[in-house]
Every structure is written in C-alpha cells, then in structure tokens.
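**Q** Sharing a model prediction with you, sequence too.
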Amino acid sequence: MLKISQLQTSATESCEMRGHKLNAFVYLTPGATLAVCISCHREVICNSRPMPNEAPISGAAVAVGCDGD
C-alpha cells in the first residue's frame, strides 16, 4: 500500500503531463484526497486504501488532457 503523499506526487506528475495545473489536495476521508485543475476543473482522487475494484489514482484529470484557458 502506497502512502498518500506518494500517490499525490505521482498523480500530480501524471496530470501535469496532460497539461493540468492542480490546486492543493484536500482531505476527503482517511486515506483519500482530491485536487482540481484550476483551468478545466477536472478532478483527480488519490486513495491509499482502494477497494479491490478501485484504482489508487483516478479521475478525469489523469485520463484526458486539459482544455481550459
């Protein structure tokens, strides 16, 4: 199981490669955080305790490029 800080670093790198500029991660639940692109408002979620059918990093910001200003 990865630490949430490792997941956030990896998610930030992935999102930046797609052109996103993320705001600071905010707490959702124990082990889960969320950040939003300041341009297109797509989200990325980091979950250090995913269920068997979930990914530790998910959201539109890691899946598609930024189309914001």
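**A** Cool, the structure landed.

**Q** use CA for all of it now, contacts and neighbours both
**A** Noted.

**Q** Tell me where this protein has helices.
**A** 4-17, 60-63 (DSSP state H).

**Q** Would you point out which residue is most central in this protein?
**A** Here the mean C-alpha position of the chain is nearest to the C-alpha of Val44 (C-alpha atoms, centre = their mean), at a distance of 2.7 Å.

**Q** who does that residue bridge with?
**A** Assessed by DSSP bridges, Val44 has beta-bridge partners Ala35.

**Q** wait, isn't it in contact with Leu34?
**A** Yes. Counting by C-alpha atoms under 8 Å, Leu34 is a contact partner of Val44 at 5.7 Å.

**Q** mind showing which ranges of this structure have poor pLDDT?
**A** Low-confidence segments of the chain, defined by pLDDT under 70: 1, 69.

**Q** quick one: contacts for Gly65?
**A** 15, 18-20 (C-alpha atoms under 8 Å, 6 or more residues apart in numbering).

**Q** For Glu54, state which of those residues is nearest.
**A** Distance ranking of these against Glu54, using C-alpha to C-alpha, places Cys15 first at 18.7 Å.

**Q** Many thanks, I have nothing further to ask.
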